[in-house]
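# using only what follows, build the 3D model:
(one chain, ligands or ions: 2)
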Amino acid sequence: MTDEIETTVVEHEQASAQHHRNATPQGRTPRGLKTLPAVDPVERVELLARACHAAGIPATSQRKSVLMAVLELQSHPTADDICQHLSTTGLQISRATVFRTLETLVELDLIAKTCHPGRGVRYDHVNTAHHHLVCLSCNELVDFIDDGLDALTAPDTSSVGFRVVDCRVQVRGICRKCQSKSA
Ligand SMILES: [Zn+2]
Ligand SMILES: [Zn+2]
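Ligands and ions are numbered 1, 2, ... in the order given. I've put the predicted structure just below:
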């Protein structure tokens, strides 16, 4: 009985596939997960030098160290995570300086700022548009890209005077590590 229904649906999908090739983000067969290419830290540090020069500010060693910490951690760290990481490398940078430097790096588009439930503001070493898998148990964030989600359009928000910048999606669930812990 179940098999029969499934077969019918599959046939229907095949028949209509040509009409809906790119238009069914909620199709029965999930798309494969596309992760992002690794960020080249050398390239990003060169970009820091160029961005600071363009902004008329010095590319200080502190700016470089904070950027390197975000690139090394790759875990969408909070400012406190970054402070902790820097202290383990023996660098003496005050908490206030780390906070200020992170904001400067965001303004220069060298890192991105993201907000997720559980941990407040987190800094993202990926500075291009992408989406996140969010683990509701350990708050891990995993980056991915997806043409289907990129094609989502926001509703008209002009009635509330809201200007849309982009649409980014959180796919929420439980990561493999947390699933094996609770198994
Ligand atoms: Zn988890
Ligand atoms: Zn990210």
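# contact residues of this structure facing ligand 2?
Neighbours of ligand 2 within the chain, by C-beta under 5 Å from the ion: 124, 126, 143. For every residue, glycine as well, the C-beta is placed using N, CA and C.
# need the contact list for the second one.
Shown in contact with V126 (C-beta atoms under 8 Å, 6 or more residues apart in numbering): 36, 39, 112, 143.
# quick check: which element contains it?
Here V126 is covered by no helix or strand, with elements defined by DSSP states H and E.
# and it, how far from ligand 1?
According to C-beta to the ion, to the nearest Å, V126 and ligand 1 sit 19 Å apart.
# and what of the first one?
The gap separating D124 from ligand 1 is 18 Å, by C-beta to the ion.
# surely that residue touches A112?
Yes: the pair D124 / A112 is scored as a contact, 4.1 Å apart, by C-beta atoms under 8 Å.
# tally of neighbours for the closest residue in space to A51 that isn't next to it in sequence?
Residue nearest to A51 in three dimensions, not counting chain neighbours: L108, with 4.2 Å by C-beta to C-beta, 6 or more residues apart in numbering. Taking other C-beta atoms under 10 Å as the neighbour definition, L108 ends up with a count of 20.
# which element is V121 on?
Per DSSP H and E: strand 120-124 holds V121.
# low-confidence bits of this protein, can you list those?
Low-confidence segments of the chain (pLDDT under 70): 1-28, 117.
# change it to 80
Applying pLDDT under 80 to the chain flags residues 1-30, 116-119, 183.
# quick one, helices of it?
Under the criterion DSSP state H, the chain contains helices at 2-16, 41-55, 61-73, 79-88, 95-107, 147-150, 176-182.
# quickly note the distance from the nearest residue to F99 once chain neighbours are set aside to D146.
Using C-beta to C-beta, 6+ apart and skipping the chain neighbours, the partner closest in space to F99 is A79 (5.3 Å). Distance, A79 to D146, by C-beta to C-beta, to the nearest Å: 29 Å.
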